[in-house]
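> 3D, please:
(one chain, ligands or ions: 1)
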Amino acid sequence: MQITIVGAGNMARGIATRALVGGHTVTVTTRDPGKAVRLVDELRVQATGAGRIAAADASAVDTADIVVLAVPFDAAKELATAYGVRLSGKVLIDISNPVDAPLDALVVAPGTSAAEEIAEAVAPGTHVVKAFNTTFATTLVAGQVSGAPLDVFIAGDDEAARATVGPAPSRSSPPERPAATPFTHLLARNPHGPAVNRHRSPTRRTTPCTCAPP
Ligand SMILES: NC(=O)c1ccc[n+]([C@@H]2O[C@H](COP(=O)([O-])OP(=O)(O)OC[C@H]3O[C@@H](n4cnc5c(N)ncnc54)[C@H](OP(=O)(O)O)[C@@H]3O)[C@@H](O)[C@H]2O)c1
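Numbering: from 1, shown residues only. Below you'll find the predicted structure:
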């Protein structure tokens, strides 16, 4: 799987680390090309796994299967709009927590969410998936918490797109790690089971703190 990460900060490091462990091809692009190069150089030394990683310009978005917006929410929304049809047919992962600078208020209106706003901004055929926003960057690098496998909550309107990012185990069976999904080293537990309430946008379910761990 070709995964392009936009941004070269803490979450880019964590998500790239996990994708490399999963054996995927990762490309990092950001507004300061030097920062992408430095992150890639760091991960080539420190990350494990069979994946490959390179820094690139924004054209890396065009060749990706999955694009991860590892930037603040406002930037994510702007980029999602600016990329336009270049994202059509791709999975776009929104990882943002839409909070203000003091981290004491949401910057999205009540009743909506970052992923819903981004989903409204993208070109038709772009499959927005919410993931990683409840996971600290440092724990993504570690891949575990206190020795326990990491849980990542994943939500999206398109079931195939969601499954591309991670498995959706049922309540009655333990989480599985299908070989075809990019983050196979992660356990993705969905406390609501695989069924999505199709009368509500599942992106809304990812609003921080509404998804209690099982
Ligand atoms: N850190 C966490 O543990 C954590 C956990 C869950 C979710 N998140 C979410 O993950 C996202 C990234 O967080 P982070 O901790 O990785 O932040 P970070 O370390 O500050 O990295 C942010 C990246 O976004 C780029 N960026 C910032 N503003 C931009 C803009 N207007 N246009 C284009 N690129 C821009 C930065 O580029 P420059 O270096 O050039 O400024 C940098 O590469 C945020 O939405 C955050 O809410 C973070």
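> out of everything not next to it in sequence, what's closest to the residue of the chain found nearest the ligand?
Closest approach of the chain to the ligand (Cβ to the nearest ligand atom) occurs at G9, with a separation of 1.9 Å. C-beta here means a position set from N, CA and C on the backbone, and glycine is covered the same way. Of all residues beyond its chain neighbours, the one nearest G9 is A70 (6.5 Å), with distances taken as Cβ to Cβ, 6 or more residues apart in numbering.
> Quickly find the element holding V28.
Taking DSSP states H and E as the criterion, the element that holds V28 is strand 25-29.
> what pairs with that strand, and is each one parallel or antiparallel?
Sheet partners assigned to strand 25-29 using DSSP bridges are listed as strand 2-6 (parallel), strand 52-55 (parallel).
> Relative to whichever helix or strand comes after the last one, what are the paired strands and their orientations?
It stands for strand 52-55. Scanning forward in sequence from strand 52-55 by DSSP H and E, the next helix or strand is strand 66-69. Taking DSSP bridges as the criterion, strand 66-69 forms sheet pairs with strand 2-6 (parallel), strand 91-94 (parallel).
> The last one vs the ligand: in contact?
No: contact of strand 91-94 with the ligand is not found when judged by Cβ under 6 Å from any ligand atom; the minimum separation is 8.3 Å.
> hmm, who's touching that strand?
The contact list for strand 91-94 (Cβ atoms under 8 Å, 6 or more residues apart in numbering) reads 65-69, 76, 80, 114-115, 118, 122, 126-133, 161, 164-165.
> pLDDT on that strand, on average?
Average pLDDT, strand 91-94: 98.
> buried ones in the very next helix or strand once past it?
Beyond strand 91-94 in the direction of the C-terminus, DSSP H and E gives the next helix or strand as helix 114-121. Neighbour-count burial for helix 114-121, counted by 16 or more other Cβ atoms under 10 Å, picks out A114, A115, E116, E117, I118, A119, A121.
> what pairs with the helix or strand bottoming out on mean pLDDT in the chain, and is each one parallel or antiparallel?
Counting by mean pLDDT, DSSP states H and E, the chain has its least confident helix or strand at strand 148-149, which shows a mean of 86. Strand pairing for strand 148-149, using DSSP bridges, gives strand 144-145 (antiparallel).
> in the protein, which segments are predicted with low confidence?
Low-confidence segments of the chain, defined by pLDDT under 70, span residues 168-214.
> near the ligand, which residues of the chain?
Contact residues, the chain versus the ligand (Cβ under 6 Å from any ligand atom): 7-12, 30-32, 35, 70-73, 75, 95-97, 133, 135-137.
> Now intersect these with the helices, please.
Among the residues of the chain next to the ligand, the members falling in helices (DSSP state H) are N10, M11, A12, K35, F73, A75, A137.
> and the fourth one, how far is that from F132?
Relative to F132, K35 is positioned 20 Å away (criterion: Cβ to Cβ, to the nearest Å).
> Looking at those two, which is more packed in?
Neighbours per residue, other Cβ atoms under 10 Å: of K35 and F132, the larger number sits with F132, 25 against 16.
> if I read this right, L43 contacts R18, doesn't it?
No: counting by Cβ atoms under 8 Å, L43 stays clear of R18, with 11.0 Å between them.
> neighbour-wise, which of those two wins?
Residue environment comparison for L43 versus R18 gives the larger neighbour count to R18, 27 against 21, counting by other Cβ under 10 Å.
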